[in-house]
Structures are given as C-alpha cells and as structure tokens.
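Asker: Give the three-dimensional model of this entry:
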Amino acid sequence: MSALTGTSTLVRLALRRDRLMLPLWAVVTGGMVASGAGSIGALYDTPAARAEVASSMNANSSIRSLYGPVFGDSTGALVAWRFGVFAAALAAVMSLIIVIRHTREEEETGRQEMLSAGRVGRRAPLTAALLAALVANSAVALLICAGLSGEGAAGAVALGLAVGGTGMVFATMAAIVAQLTESARLAKGLTAAVLGLAFLLRAAGDAGGASALTWLSPVGWTENVRAFAAERWWALLLMAAAVAGQTAVAYGLAGRRDVGMSFLPARPGPASGRLATAGALAWRLQRGGILGWTLGFLAAGLVFGGMVEGASDLVGDNEQARQIFERMGGQSGLENAFLAAMTGLFGMVAALYVVGAVLRLYGEETSGRAEPVLANAVSRLRWAAGHLLIAFGGAVLLMVAAAAGLTLSYGREAGPVLGAVLAQLPAVWTLGGMAVLLYGTVPKAAPAAWGVAGLCLALGWIGPTLDLPQTVLNISPFGHLPKLPGAAVSWPPLLILAALTGALVAAGLADLRRRDLVT
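Answerer: You can find the predicted model right below:
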C-alpha cells in the first residue's frame, strides 16, 4: 500500500467537514480586499489626492508599522497597502486552523486511528490537510484577482498569489508543528505565536525603515511583492521555497512517528493540589492563551496610541475619510473619533477571544476529556463556571491591557481611555453569551458562534467604509454602544446588553444541565 493511499477520500472528507468554514473565510478575506477598490477609489478620486495620501502615509512611521509602506499612488497600489498585510494574516490563520484540524486534532480525538485502520497511507492525512488548505488559499487568491482585475491584471494576480502564498507558508509550518506537539491546542498556539512574531518583525522593519527585518517575515514578503507597483515576481519564489522546504520536513517527520504520538510529548501535570478543582483545571488549560492575548492587546495599544496624534495626517483634507472615522468613532473631534474607532476595534477582537474561550467547553466535551471530570463530584455548572469566568473575566484583562498601552503611548489621562475601552465589554460579553447559548442548547452548532463574531467584526470594521445603513450596523451589539471618549455616556444600551448577556448565559447553562454529553 502506498503512503498516499486514501488521500482523495480524505480530501473530500475534509472539504465536506469544512463546507461552511472554508467559504466563509475565503469570502471574508478575498471580499475584504476586492471591496477595497471601490472604497479607496471613492475616498481618493484624483491622482493628486492619491499621491498626497501615499506621501503622507510613508512619512508616518506609526502608519507604516501598521499597514506597511506605500509603493505606488494608483488605486490598486493603495488597496494593496491598506488590505494586503491583513489579508495575508487572515489567510495564515485560516491555513493553520485547517491543517491542524485535519492532522493533530484528528489524532487527539482518536478519529485518525479509526481511519488508519482502513486503507489509508501513512502520509495521506497530512497530504489531504495540505490540499484542503491549498483549495482554500486558491479560492482567496481567485477572489482577489477577480475583484481587482479592473485595476490591472498583473497587480491583481500578484496580490492574489502573495496572499495565497502566505497562507500556504503557514499551512506547511503548521504541518511541522502538528508533528512536534501532542495537542491541537498547543500546535495552534505555537503556530499563531510564529505568525505574531512575523507580524511584529514586519511592523518593526517598516516603522524604522529596516528592510532586513521585513524580509525576515513571511508577512513582509507579501508587501514586498509590490502588487500594482512594478511587481517583484521573484519575491514569490521565497514563498514557494518556504512551502517546498517545510513540506519536505513535515513529510519526513510524519514518516517517523506513530499515530497519536509526537516528538515533544506533553509533560504530565499534578492530579492534586493546585489542580484539585474544576476552576483550577480550567485556568491551567487557558492561562497560556490569556497571556498571549494580553500581551498582544498591550502591544497593539502601544501602536494605536502612537497613531492618535497622526490621525489628522491620515485623513488630511479628505472629507469622506473624515466621515468614515466619524461613523466609526463619533463626531467629537478627529482624535477622539480615531481613538473611539480603535477602542471599538479592540472590543470586536476581544469578542473573538471570548468566543474561543467559551468554546473550549465544546472542545473538552467532544474530545472526551470532560467526561472523566464530570464523573467525579463536579457538577456541570461548576465545571462550566470555571471556563466562563476565565472567558468573561479574561476579556476585562485584555481591555485593561489595551487601555494601558493606549495611555502610555498617547500620553492622555488614563480615566477617559479606560472608560472608553471598558464600555466595549457589554457588547463583548453579549457575543460570549451567544456562544454559551449555542453550546448549551445545540452543541453541534456551537462553532457557528465564530460566524456571528466574524459578522460583527466585518460590520464594525468594513461597514462604515462601505457606508452601510445604520440599521444594518445595529445588527451588531457594538452598533449600540456610545462613542467614547468624547460622547456622553448612555447607560441604557450598556445595561440592556449586560442583561441580555445574563439571559443568554442562564439559558445556555440551563440546557447544558438537561442534555446528554456529545459523543
């Protein structure tokens, strides 16, 4: 039997299992870039306006650290500057999730052992996972090419290949990490940490003009393809070489271990003492994630805080750009509007953390690890309460870290900034409550909470740029929050969202007590 026997069957299985997630990721990532041409073209509708914004962005180190340098003053070049790096990061996250889901996660749950009992070659699961990631990244690249073809075919192809290529770099990297670690959670965390380091290297290189640091980052390779600005096609060879080399390493490792084993086995923890309670176990399982998220929010706060005073340079005399910031952050002065928009972004990203922390309950249950815990003198509510305390309390810690970063780099009084950041919590908690309700009531639909959070993120971040009606923006709980700092505090929406969160959590926990565990 060949080492690749059964690959086609496993590819079809992977695509069937991800039939909702993959199209959603591809449409959001590719659609975000494709829609940028219309918004950028409307904001800067003359060559002089585009040349001016390109010059001012390149002169602002904080802006360069966030988006990278501008290599041209065409609409396509501005789209590549504004969306290219973030699209590449989204493609990387999508890819690492796909690969680890269909490799290490399958082994961790025991499903891979059952599949391998049939006619499945040793390297077929890894091959199928990489092919599924290739399909997803190809879809993203095609959407970008189709959406931006009107701005120039060569630039559209270059940007599509750069974003898709970055996704495949991290797909093959995740394939290596999946061989080294014993748990899917650790594999995702390590690969995501490498992605974060790559983003920071690119940001540091772009901010200081140190191009060497940018070339050390796979995310930096995306911008150095220079789509719509005398394309550097040879930069794509770096991605191809990285994909080929990492694939060879992953295949070599896959042939030297048994199913379920890893090269870095997990260290067994104590069964008593600090882990004697369900809450302590939940903390042990999630403390690494909280630390990583908190450091990320602190670093992002430092970056965004340094950009506040440069908000006027970012907008310039463009009235449409000013209106977008005012729709996102209110009309109480441009700096306040920019700061309010950034605090809103922190809230929407924190909602992703809360949803992930809540769905850890779903992961513990479906993997069979919850059943031994609940077989002891531990009620379901007590077991769930430990994870929910970390989820909802962790959101507070993240937002405080963001406020600390904003205050330190902006130099403003801590009170207004902290108040503006904490005002996002009711909406953050509401999305967490929705995840609790889905998990407790219809556990198989629990992953749909990611879609709800992603929709709210898209409405809050892209909706104002597309000038969507306020009634559409109000679908998201963030659309009902006061625009702080600068605006008057409106307590009724905050209290209503907090009460709604309590009702959602109570309903989800009530159903969790009554239903059977997922098997």
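Asker: Going by C-alpha atoms from here, please, whenever you check contacts or count neighbours.
Answerer: Will do.
Asker: What is the end-to-end distance of stretch 6-25?
Answerer: Start-to-end span of stretch 6-25 (CA to CA, to the nearest Å) is 27 Å.
Asker: Give me the buried positions along that stretch.
Answerer: Buried residues in stretch 6-25, counted by 16 or more other CA atoms under 10 Å: Gly6, Thr7, Leu10, Val11, Ala14, Leu15, Asp18, Met21, Leu22, Trp25.
Asker: Tell me where the chain has strands.
Answerer: Here the chain has no strands by DSSP state E.
Asker: out of the buried residues of stretch 6-25, which one sits closest to Ala435?
Answerer: Nearest to Ala435 out of the buried residues of stretch 6-25 is Met21 (CA to CA; 16.4 Å).
Asker: about what we covered before: got the buried residues of stretch 6-25 as CSV, with pLDDT and distance to Ala278 columns?
Answerer: Below are the buried residues of stretch 6-25 laid out as CSV (pLDDT from 0 to 100; distance: CA to CA, whole Å):
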residue, pLDDT, distance to Ala278
Gly6, 77, 41
Thr7, 84, 40
Leu10, 87, 37
Val11, 89, 38
Ala14, 87, 34
Leu15, 88, 36
Asp18, 84, 32
Met21, 79, 31
Leu22, 85, 34
Trp25, 82, 34
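Asker: Which members of those are positioned in helices?
Answerer: Thr7, Leu10, Val11, Ala14, Leu15, Met21, Leu22, Trp25 (DSSP state H).
Asker: Might you report the residue contacts of the second one?
Answerer: Yep, that's Leu10 we're talking about. Going by CA atoms under 8 Å, 6 or more residues apart in numbering, Leu10 touches Ala124, Pro125, Ala128.
Asker: Mind putting the residues you listed into a markdown table with distance to Pro416, pLDDT and neighbour count?
Answerer: Rendered in a markdown table, the data for the contacts of Leu10 read as follows (distance: CA to CA, whole Å; pLDDT from 0 to 100; neighbours: other CA atoms under 10 Å):
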| residue | distance to Pro416 | pLDDT | neighbour count |
| --- | --- | --- | --- |
| Ala124 | 56 | 84 | 23 |
| Pro125 | 52 | 87 | 31 |
| Ala128 | 51 | 91 | 25 |
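Asker: Can you get me a residue count around Leu473?
Answerer: Per other CA atoms under 10 Å, the neighbour tally for Leu473 reads 19.
Asker: do the same with Leu495
Answerer: Other residues close to Leu495 by other CA under 10 Å number 12.
Asker: What residues does it make contact with?
Answerer: With CA under 8 Å, 6+ apart, Leu495 has these contacts: Pro426.
Asker: go on, Arg232?
Answerer: With CA under 8 Å, 6+ apart, Arg232 has these contacts: Asn224, Val225, Arg226.
Asker: if I read this right, the last one contacts Phe71, doesn't it?
Answerer: Yes - Arg226 lies in contact with Phe71 (CA atoms under 8 Å); the separation is 6.6 Å.
Asker: Just the closest of the contacts of Arg232 to Val243, please.
Answerer: Nearest to Val243 among those, with distances taken as CA to CA, is Val225, at 16.5 Å.
Asker: Excluding chain neighbours, give the residue nearest to the closest one in space.
Answerer: Arg232 (4.8 Å; CA to CA, 6 or more residues apart in numbering).
Asker: same check, this time on Ala77
Answerer: That would be Phe228: by CA to CA, 6+ apart, it lies 5.0 Å from Ala77.
Asker: residues contacting that neighbour?
Answerer: Contacts here follow CA under 8 Å, 6+ apart; on that basis Phe228 touches Gly72, Ser74, Gly76, Ala77, Ala80, Gly152, Ala154, Gly155, Ala156, Ala158.
Asker: measure Met342 to Ala59 for me?
Answerer: Met342 sits 21 Å away from Ala59, going by CA to CA.
Asker: the more surrounded of those two?
Answerer: Using other CA under 10 Å, the more surrounded residue of Met342 and Ala59 is Met342, with 24 against 14.
Asker: Tell me how far the spatially closest residue to that one that is not a sequence neighbour lies from Tyr67.
Answerer: Once flanking residues are discounted, Met342 sits nearest to Phe304: 7.2 Å by CA to CA, 6+ apart. For Phe304, the distance to Tyr67 under the criterion CA to CA works out to 12 Å.
Asker: now do Val518
Answerer: Here the criterion is CA to CA. By it, Val518 lies 43 Å from Tyr67.
Asker: which of the two has more neighbours?
Answerer: Comparing Val518 with Tyr67 by other CA under 10 Å, the one with more neighbours is Tyr67, at 21 against 12.
Asker: who's in contact with the more buried one?
Answerer: Trp81, Arg82, Phe83, Val85.
Asker: any chance of these in a markdown table, with neighbour count too?
Answerer: What follows is the contacts of Tyr67, written out as a markdown table (neighbours: other CA atoms under 10 Å):
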| residue | neighbour count |
| --- | --- |
| Trp81 | 24 |
| Arg82 | 19 |
| Phe83 | 19 |
| Val85 | 24 |
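Asker: one step back: let's have the buried residues of stretch 6-25 in CSV, adding distance to Leu509.
Answerer: Shown next, in CSV, are the buried residues of stretch 6-25 (distance: CA to CA, whole Å):
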residue, distance to Leu509
Gly6, 41
Thr7, 41
Leu10, 36
Val11, 36
Ala14, 31
Leu15, 32
Asp18, 28
Met21, 26
Leu22, 30
Trp25, 30
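Asker: Skipping its backbone neighbours, what lies nearest Ser35 in space?
Answerer: Once flanking residues are discounted, Ser35 sits nearest to Gly147: 7.3 Å by CA to CA, 6+ apart.
Asker: measure that neighbour to Ala34 for me?
Answerer: Taking CA to CA, one finds Gly147 at 4 Å from Ala34.
Asker: Repeat that for Thr247.
Answerer: For Thr247, the distance to Ala34 equals 30 Å [CA to CA].
Asker: repeat for Cys456
Answerer: Taking CA to CA, one finds Cys456 at 19 Å from Ala34.
Asker: can you check Val358 too?
Answerer: 33 Å.
Asker: between these two, who's got more neighbours?
Answerer: The neighbour comparison of Val358 against Ala34 (other CA under 10 Å) goes to Val358, with 26 against 22.
Asker: and Asp18, what are its phi and psi?
Answerer: Asp18 adopts backbone torsions of phi -100, psi 20, taken as degrees, to the nearest 10.
Asker: What ranges in the stretch 201-350 of the chain fall below the confidence cut-off?
Answerer: 208-210, 258-276, 307-334 (pLDDT under 70).
Asker: what's the answer for the stretch 401-519 of the chain, then?
Answerer: Using pLDDT under 70, the stretch 401-519 of the chain drops low at 412, 461-468, 486-487, 519.
Asker: Helices of that one, residue ranges please.
Answerer: Under the criterion DSSP state H, counting those that start in this stretch, the stretch 401-519 of the chain contains helices at 414-422, 425-441, 448-461, 470-473, 491-514.
Asker: could these go into TSV alongside distance to Arg382?
Answerer: As requested, these are arranged in TSV below (distance: least, CA to CA, whole Å):
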stretch	distance to Arg382
helix 414-422	27
helix 425-441	14
helix 448-461	22
helix 470-473	36
helix 491-514	10
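Asker: Which of those has the highest mean neighbour count?
Answerer: helix 425-441 (a mean of 26; mean count of other CA atoms under 10 Å).
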